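In: Quick one, structure for this:
(2 chains)
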Amino acid sequence: AQSVTQLDSHVSVSEGTPVLLRCNYSSSYSPSLFWYVQHPNKGLQLLLKYTSAATLVKGINGFEAEFKKSETSFHLTKPSAHMSDAAEYFCVVSYSGAGSYQLTFGKGTKLSVIP
Amino acid sequence: SQTIHQWPATLVQPVGSPLSLECTVEGTSNPNLYWYRQAAGRGLQLLFYSVGIGQISSEVPQNLSASRPQDRQFILSSKKLLLSDSGFYLCAWSPLDEQFFGPGTRLTVL
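Out: Modelled structure (predicted):
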């Protein structure tokens, strides 16, 4: 069975400082992992995807995530936060079943950026 | 490029009224399609998914139903809405394992 744990429900950073959003996963096989971002009253946007090609994955808007199998982690980082980064972020693991892929979502981390 | 549309964007309905939410995808064929609900404080809940026309799988028992009358059209329906049906409804399509989400429909049941 697959599961995802986002270790912080809320993270607050100052504009221009680094962002770290933590995610641990549990999967019975080599997983596909994703980070999605959701701004208020909007759909989810795919930030980045890990599929075993490289452990450091670069995404959109300056975000990146590192897959660490030994720690079963997939933390999301950004060197310098912008006000526009304030949103909710979801760590997601994918698994296949019944002819389609299903996603297991973490509970989300709300990122606040202080000017 | 592919795009996904949902309508309406917002909806306010009385308890006991019917519901029809529509999702369409452009620029791809035979996508896997998904309906999710996001209720306050409860994360994303998968409601239905479809791997082809007329093929619907339900993930949770409820008073909602889904249909896929055309390859790129996915409809979420209810005959009688409950207060607990309020939430943000998201449609998604998938070419493989990642999913791409529509803009969502905010449903308020009064």
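In: So which helix or strand of chain A has the lowest pLDDT on average?
Out: In chain A, the helix or strand scored least confidently by mean pLDDT, DSSP states H and E is strand A:100-105, which has a mean of 83.
In: Identify the residue nearest the spatially most central residue of chain A in space, chain neighbours excluded?
Out: Centroid-nearest residue in chain A, with Cα atoms, centre = their mean: residue A:35, separated by 3.1 Å. Of all residues not flanking residue A:35 in the chain, residue A:47 sits nearest, at 4.4 Å (Cβ to Cβ, 6 or more residues apart in numbering or on different chains). C-beta here means a position set from N, CA and C on the backbone, and glycine is covered the same way.
In: now swap in residue A:78 and tell me
Out: residue A:19 (4.2 Å).
In: Against residue B:28, how distant is the residue nearest to the centre of chain A?
Out: 23 Å (Cβ to Cβ, to the nearest Å).
In: What of residue B:81?
Out: 31 Å.
In: Output the helix or strand where the residue nearest to residue A:35 lies as PDB, restricted to C-alpha atoms.
Out: Taking DSSP states H and E as the criterion, residue A:47 maps to strand A:44-50. C-alpha atoms of strand A:44-50 as PDB (Å, rounded to 0.1, in the frame of the first residue of the first chain):
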ATOM      1  CA  LEU A  44      -4.000  21.800  -8.800                       C
ATOM      2  CA  GLN A  45      -0.900  22.500 -10.900                       C
ATOM      3  CA  LEU A  46       1.900  20.000 -11.400                       C
ATOM      4  CA  LEU A  47       5.200  21.400 -10.100                       C
ATOM      5  CA  LEU A  48       7.400  18.400 -10.700                       C
ATOM      6  CA  LYS A  49       7.600  14.700 -11.100                       C
ATOM      7  CA  TYR A  50      10.100  12.000 -10.100                       C
END
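In: Which strands or helices does it pack on?
Out: On a contact count with 3 or more Cβ pairs under 8 Å, 6 or more residues apart in numbering or on different chains; DSSP states H and E, strand A:44-50 meets strand A:32-38, strand A:56-58, strand A:64-68, strand A:73-78, strand B:100-101.
In: Give the buried residues for the fourth one.
Out: Meaning strand A:73-78. Neighbour counts over strand A:73-78 (16 or more other Cβ atoms under 10 Å in any protein chain shown) mark A:73-76, A:78 as buried.
In: Tell me the one among the residues you listed nearest to residue B:60.
Out: residue A:74 (26.8 Å; Cβ to Cβ).
In: Can you tell me what sits against the strand holding residue A:47?
Out: Residues outside strand A:44-50 that contact it (Cβ atoms under 8 Å, 6 or more residues apart in numbering or on different chains): A:32-38, A:57-61, A:63-65, A:67, A:74, A:76, A:89-90, B:44, B:90, B:92, B:98-101.
In: Number of residues surrounding residue 89?
Out: Let's take chain A. 24 (other Cβ atoms under 10 Å in any protein chain shown).
In: Not quite, go with chain B.
Out: Residue B:89 sits with 22 neighbouring residues when counted by other Cβ under 10 Å.
In: This completes my enquiry, with thanks.
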